[in-house]
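Asks: what follows is a predicted structure for the sequence shown.
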Amino acid sequence: MPSRLPAVAAITLAAIVVVSAQTGPREVDLVVTGGTVVTVDTAGRIIQTGAVAIDGTDIAAVDTAEAIAKQFHGRETIDASGQIILPGLVNTHTHAPMVLYRGLADDLPLMEWLNSYIFPAESKTVSPEFVRAGTRLAALEMIESGTTTFADMYYFEEEIARETRRIGLRGVLGQTIIQFPVADARTPADALARADAFITAFKDDSLITPAVAPHAIYTLDGPTLKAARELSKRHNVPTLIHVAETNDENRVAQERRASSPVAYLEGLGFLGPGVVAAHSVWVNDADIQVLRMRGVGVSHNPESNMKLASGVAPVRALLRVGVAVGLGTDGAASNNDLDMFEAMRVAALLHKHETVDPTALSARTVLEMATIRGARALGLDARIGSLEPKKRADLITVAASGARQTPMYDPLSHLVYVIHGDDVRNTIVNGRVLMRNKKVLTVDESAVIAEARSWADKVRAAVKQPATTR
């Protein structure tokens, strides 16, 4: 019996060592620490000196910096002292490659802008190479300004998806269906076949959510709209569509179909969960109730709507009945940037001005529209949109200690009324650092900008626009 005691003692000692190791800080991939954490969770928690622990693709914990330090040790650490840590911004509507048309035609109404400038330019310049170059430029701009998820509608969407995935952004990407011949499809049937193949190729991707994107009721007939929606339902993917963007669209719908755009889509059996209606400016009370009843998400694009003089969307009425409303920039050809901080500021100010009510949209509500409400509109709120354990690690940090940001009484107010996209310091998606301390790590900035300038020369030649400063 005595001869067995040393073995028992060794086992006991080993057990003590294991228990001791287990009670120490757990190692995780990354800790972002020291900043003011704005969680945008259901409790609206704001942690003054907080931290976020990230393990793999997910958030492991959100707490005070002290508590996180006791629980976790990061293989890497980002010091966010003097910064705000918040969920990555969700852009619910854009056309990424159209950054290459930025400033091509301005100060025009939508239909003239489209028919006289954009559609002709696209017919002469859009190609897989164009789309890849535009996506790289858009991704660079979004990473630099804090967008981590974007919804897109364009052509050759598989090229956009490949570049988006390689660069590391999250995308809800819709293959466009339109009635007339375009660069990637001669007929709507061709476009539907492309959309089917696109969905099959990307439906299980961790960053890409494929979607079907029928352009609008004024560029598609009823059977094609129904076919596009059925394709979405068959694959259980989102449907992205422009709805009631302008009064002209509304007027033509009334003249031709004796109904509003929303009522027309409802009559087709088109509306339902998974549909994201971009703009929704010219919707009446009955339309709003239909959107609510059918579980449609809405993308509010205040800057584009103002620049094209399309009108002011009834956002307060939509929110009041519980419609999921997110923010979008629209394409940079009609905005003219992809800065979601500008979209937040403009949204807040526009609706105060339009209603003559300073309480119309609060900073908290607008921030939610750019994060958790936008995620909800896209059907992604279980995974992104707030800083909570087990959600995907999509977050950004923004500078908050410069002259323009001093003093800071309320970080929510600062995020909407003070912070610019240029203030973003770090961008993280799915646990991967895409930008660290203002240096983008997944895109060669100088090469992307040089490529974009080269494409601008080709666009200028195609539309016979005189050369200007590049």
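Replies: Now that the structure is in, tell me what you want to look at.

Asks: moving C-terminal from the worst-scoring helix or strand of the chain on mean pLDDT, which element do we reach first?
Replies: The least trusted helix or strand in the chain, going by mean pLDDT, DSSP states H and E, turns out to be helix 5-23, with a mean of 46. Note on helix 5-23: by DSSP states H and E, the next helix or strand toward the C-terminus is strand 26-38.

Asks: pairing partners for that next one, with directions?
Replies: strand 46-55 (antiparallel), strand 72-79 (parallel), strand 83-87 (parallel) (DSSP bridges).

Asks: so which residues make contact with the second one?
Replies: Okay, so that is strand 72-79. 25-34, 53-54, 60-61, 397, 426, 433, 436 (Cβ atoms under 8 Å, 6 or more residues apart in numbering). All C-beta atoms are positioned from the backbone trio N, CA, C, and that covers glycine.

Asks: now with 10 Å, please.
Replies: 24-35, 51-55, 60-61, 63, 68-69, 85, 395, 397, 425-426, 428, 433, 436-437 (Cβ atoms under 10 Å, 6 or more residues apart in numbering).

Asks: rewinding a little: including distance to residue 273, could the strands paired with strand 26-38 go into a markdown table?
Replies: As requested, the strands paired with strand 26-38 are exported to a markdown table (distance: least, Cβ to Cβ, whole Å):
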| stretch | distance to residue 273 |
| --- | --- |
| strand 46-55 | 31 |
| strand 72-79 | 37 |
| strand 83-87 | 23 |
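
Asks: most tightly surrounded among those?
Replies: strand 83-87 (a mean of 27; mean count of other Cβ atoms under 10 Å).

Asks: please name the nearest non-neighbouring residue to residue 383.
Replies: In space, and not counting its chain neighbours, residue 383 is closest to residue 392: 5.1 Å by Cβ to Cβ, 6 or more residues apart in numbering.

Asks: kindly apply the preceding question to residue 330 instead.
Replies: residue 304 (3.5 Å).

Asks: wait, a helix at that neighbour?
Replies: Yes. Counting by DSSP: H, G, I helix; E, B strand; the rest coil, residue 304 is found in a helix.

Asks: flag the shaky bits of the stretch 151-300 of the chain, pLDDT-wise.
Replies: Applying pLDDT under 70 to the stretch 151-300 of the chain flags no residue at all.

Asks: what about the helices in it?
Replies: Along the stretch 151-300 of the chain, counting by DSSP state H, counting those that start in this stretch, helices occupy 157-167, 188-202, 222-235, 247-257, 261-267, 285-294.

Asks: now do the fifth one: distance to the chain's middle.
Replies: So the one you mean is helix 261-267. 26 Å (Cα atoms, centre = their mean, to the nearest Å).

Asks: and it, what does it pack against?
Replies: helix 222-235, strand 239-243, helix 247-257, strand 275-279, helix 285-294 (3 or more Cβ pairs under 10 Å, 6 or more residues apart in numbering; DSSP states H and E).

Asks: if I read this right, the residue nearest to residue 330 contacts residue 334, doesn't it?
Replies: Yes. If you go by Cβ atoms under 10 Å, residue 304 and residue 334 touch, sitting 4.8 Å apart.

Asks: mutual contacts of these two, please.
Replies: 110, 310.

Asks: what mean pLDDT would you report for stretch 75-95?
Replies: Taken as a whole, stretch 75-95 has a mean pLDDT of 98.

Asks: output that stretch as CSV, nothing but the C-alphas.
Replies: Taking Å, rounded to 0.1, in the frame of the first residue of the first chain, the C-alpha atoms of stretch 75-95 are listed here in CSV:
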residue,chain,number,x,y,z
ARG,A,75,-3.5,36.3,-28.7
GLU,A,76,-3.9,39.7,-30.2
THR,A,77,-5.1,43.0,-28.6
ILE,A,78,-6.4,46.2,-30.1
ASP,A,79,-6.2,49.2,-27.7
ALA,A,80,-9.3,51.3,-28.3
SER,A,81,-8.6,53.8,-25.6
GLY,A,82,-10.2,57.2,-26.5
GLN,A,83,-12.5,55.4,-29.0
ILE,A,84,-16.0,54.1,-29.3
ILE,A,85,-16.5,50.4,-30.0
LEU,A,86,-19.7,49.6,-31.7
PRO,A,87,-21.3,47.1,-34.1
GLY,A,88,-20.2,47.3,-37.7
LEU,A,89,-22.6,49.3,-39.8
VAL,A,90,-25.2,47.6,-42.1
ASN,A,91,-25.8,49.3,-45.5
THR,A,92,-29.1,47.9,-46.6
HIS,A,93,-29.1,49.1,-50.2
THR,A,94,-26.3,49.9,-52.7
HIS,A,95,-24.9,49.1,-56.1
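
Asks: thank you kindly, that will do.
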